[in-house]
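Asks: quick one, what's the 3D model for this:
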Amino acid sequence: MKKLNCILLVDDLPADNHFLQMMIEEMNIAENIKVALNGIDALNYLKNENNIIPDLIFLDINMPKMNGWEFLEEYKKLDKNTKSKIVIVILSTSINPDDIKKSEGIEEVSDFEVKPLDKDAIENILYKFF
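Replies: Below is the predicted model:
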């Protein structure tokens, strides 16, 4: 399989980002891995024309400053050409059926996974969307 150009991790917990980043590096599936600690940082990253547009965003729901749901509301306003190339997978420790149902009603969200992800889950995401 061809490597993804960029994966953006959006999570306020450095340990979660570190774990996922190490797994992605070990699997050798992305040329670049970028990290944003909240929705605001993620939006700023996406709006900066000098940054690499991610193929895949792993998005946490519960974050300070701007949570995942708020990020998605602002993300909808971004340029359609930018958004059309990005797959968003929500990652959450929550298995709340309301969160899953809410994510299914958002066109920009491709999938909802419970974290922590393992290699099989990542491979399934890659197979499903790439």
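
Asks: quick one, phi/psi of Val10?
Replies: phi -120, psi 100 (degrees, to the nearest 10).

Asks: one more: Asp41?
Replies: phi -60, psi -40.

Asks: residue contacts, it?
Replies: With contact set as CB atoms under 8 Å, 6 or more residues apart in numbering, Asp41 has these partners: Val10. Any C-beta I mention is one placed from the backbone N, CA and C, and that applies to glycine too.

Asks: Lys83 versus that one, what's the distance?
Replies: Noted for Asp41: a distance of 18 Å to Lys83, by CB to CB, to the nearest Å.

Asks: lowest average confidence, helix or strand, in the protein?
Replies: Across the helices and strands of the chain, the lowest-confidence element by mean pLDDT, DSSP states H and E is helix 80-83, at a mean of 82.

Asks: pretty sure Lys65 is touching Gly39, no?
Replies: Yes: at 6.9 Å, Lys65 counts as touching Gly39 under the criterion of CB atoms under 8 Å.

Asks: between those two, which has more neighbouring residues?
Replies: Per other CB atoms under 10 Å, whichever of Lys65 and Gly39 has more neighbours is Gly39, with 25 against 12.

Asks: give me every residue that touches that one.
Replies: 10, 63, 65-68, 70-71, 74.
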